[in-house]
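[1] pasted the sequence and its predicted model underneath.
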Amino acid sequence: MKNFDKDSSAYKAVLLGIMCAICGLVLSVVNSITDPIIKEAELAEVKANLEIMFPGTSYEEIKDFTDESGLIQSVYRAKDQGVVFKIHAVGYNSNGFTFMTGIADDGRVAGYMVLEHGETNGIGSRAFEDDYISKVTSLNAGDDVPLLTGATLTSTAVKTGIEAAYKVFDAVK
């Protein structure tokens, strides 16, 4: 068998393969160490947001739900209080925004909060300010979600998301 010359393509290919294998191994070890930490941090964030909707209760994630709109990302049952929905909708910004809404067992909107958005400041972002939040959280089942002049796309997306939540709420309550 011929000795590998350090300048040969075969030598460089074998060396590159060994280095890739070592890097892959190191990445998998780092991933196995950090993955549980990342998942726990995500769970803690979700729990903190849920606690804002219905404080002082326990939550159970409902994984078996049907959402024809495709807007609802996750659903959580607040023991003896209501249901919380994590919703991703698209307003003016094509990346959309994510918000949570809680619907109490009696059908009223018990909470509404934005998790992330890229809507235009002063226009679409008004759908996530205290004045609009108080209007949304005063709604009962069957009430229309108010639209904002100048932020029609964003507030329509909020309305569509909350309507989707009510449809799923009726099925899971």
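    Looks like it arrived, so ask away. Numbers count the residues shown, from 1 in each chain.
[2] pLDDT weak spots in this structure?
    Residue ranges of the chain with pLDDT under 70: 1-4, 43.
[3] what about the strands in it?
    Using DSSP state E, the strands of the chain run over 59-62, 72-78, 82-89, 97-104, 109-116.
[4] pop the domain breakdown of the chain in here.
    1-52, 54-172 (automatic domain parsing).
[5] pick the most buried one from these.
    Among these, domain 54-172 has the highest mean neighbour count (mean count of other C-beta atoms under 10 Å), at a mean of 17. For glycine as for every other residue, the C-beta is placed from the backbone atoms N, C-alpha and C.
[6] and the longest helix for the protein?
    Ranked by residue count under DSSP state H, the longest helix found in the chain is helix 9-53.
[7] now that helix against strand 97-104, angle please.
    40 degrees (axes from the mean of the first three to the mean of the last three C-alpha atoms, to 10 degrees).
[8] can you give me the angle helix 9-53 makes with strand 72-78?
    Going by the same axes, to 10 degrees, helix 9-53 makes 40 degrees with strand 72-78.
[9] what helices or strands is helix 9-53 leaning on?
    Here helix 9-53 touches strand 72-78, strand 82-89, strand 97-104, strand 109-116, going by 3 or more C-beta pairs under 8 Å, 6 or more residues apart in numbering; DSSP states H and E.
[10] show me what the first one is packed against.
    The reference is to strand 72-78. helix 9-53, strand 59-62, strand 82-89, helix 152-172.
[11] same thing but 7 Å
    Strand 72-78 sits against strand 59-62, strand 82-89, helix 152-172, with contacts defined as 3 or more C-beta pairs under 7 Å, 6 or more residues apart in numbering; DSSP states H and E.
[12] gap between the two ends of stretch 98-115?
    With C-alpha to C-alpha, to the nearest Å applied, stretch 98-115 spans 5 Å between its terminal residues.
[13] ok, residues contacting that stretch?
    Here stretch 98-115 makes contact (C-beta atoms under 7 Å, 6 or more residues apart in numbering) with 49, 52-54, 81-88, 97, 116, 128, 133, 136-137, 139-141, 161-162, 165-166, 169, 173.
[14] about what we covered before: angle of the longest helix of the chain against strand 109-116?
    Counting by the same axes, to 10 degrees, helix 9-53 lies at 150 degrees to strand 109-116.
[15] next one: stretch 23-43 to chain centre, how far?
    21 Å (C-alpha atoms, centre = their mean, to the nearest Å).
[16] for it, list the C-alpha coordinates in CSV.
    C-alpha atoms of stretch 23-43 as CSV (Å, rounded to 0.1, in the frame of the first residue of the first chain):
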residue,chain,number,x,y,z
CYS,A,23,-16.7,18.0,15.2
GLY,A,24,-19.9,16.0,14.8
LEU,A,25,-19.2,14.1,18.0
VAL,A,26,-18.4,17.3,19.9
LEU,A,27,-21.6,19.0,18.6
SER,A,28,-23.8,16.0,19.6
VAL,A,29,-22.3,16.0,23.1
VAL,A,30,-22.9,19.8,23.5
ASN,A,31,-26.4,19.3,22.2
SER,A,32,-27.2,16.5,24.6
ILE,A,33,-26.0,18.8,27.5
THR,A,34,-27.8,22.0,26.4
ASP,A,35,-31.0,20.6,25.0
PRO,A,36,-32.7,19.9,28.4
ILE,A,37,-31.6,23.3,29.7
ILE,A,38,-33.1,25.0,26.7
LYS,A,39,-36.4,23.1,27.0
GLU,A,40,-36.6,23.9,30.7
ALA,A,41,-36.1,27.6,30.0
GLU,A,42,-38.8,27.5,27.3
LEU,A,43,-41.2,25.7,29.7
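[17] fine, thanks again, bye for now.
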